[in-house]
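Colleague: A predicted structure for the sequence below; I have some questions about it.
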Amino acid sequence: MKVVWAGNPILASKVIEEVAAAHKWHAKTVRTLLARLAKKGALTFEKQGRAYMYRPVVKEADCIQAESDSFLQRVFGGALTPMLAHFVERRKISESEMRELRRLLR
């Protein structure tokens with residue numbers, strides 16, 4: 001989806017090229033993924049001669065929100081404080097990140 005969002009609209013061949021290179025996937029695997037995303041309504045496409053042009057239906061921000069909510073619910077029972085504590089305690093946080101977190105929490 002990131003490739004499609006970045007290249008909107010984008011040819012299937014370009015998606016295949018980028019995803020196959022980044023993840024070492026076979027072209028057929030990427031085509032299958034595109035077809036499944038289209039079937040689920042995340043993408044739309046139009047045929048242009050022998051090529052397929054893809055466009056996202058879902059917005060990146062909406063997808064990030066849904067995945068974040070799902071992760072928070074599945075892993076931390078929907079509780080934000082334990083999640084934040086987990087990451088703060090287990091990762092090195094720079095001073096600039098700490099300032100940004102304080103700003104956001106205010």
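Modeller: That came through, no problem. Numbers count the residues shown, from 1 in each chain.
Colleague: buried sites along the host helix or strand of residue 44?
Modeller: Mapping residue 44 onto the secondary structure by DSSP states H and E places it in strand 43-48. By 16 or more other Cβ atoms under 10 Å, the buried positions in strand 43-48 come out as 43, 45. Backbone N, C-alpha and C define where each C-beta goes, glycine included.
Colleague: what lies in contact with whichever helix or strand comes after it?
Modeller: Helices and strands here follow DSSP H and E; after strand 43-48, the next one along the chain is strand 51-56. With contacts defined as Cβ atoms under 8 Å, 6 or more residues apart in numbering, strand 51-56 is touched by 1, 4-5, 8-13, 15, 34, 38, 42-47.
Colleague: quick one: mean pLDDT for strand 51-56?
Modeller: What strand 51-56 shows for mean pLDDT is 97.
Colleague: number of nearby residues for residue 1?
Modeller: Look at residue 1: counted by other Cβ atoms under 10 Å, it has 14 neighbours.
Colleague: swap in the one 10 residues further on?
Modeller: Per other Cβ under 10 Å, the neighbour tally for residue 11 reads 15.
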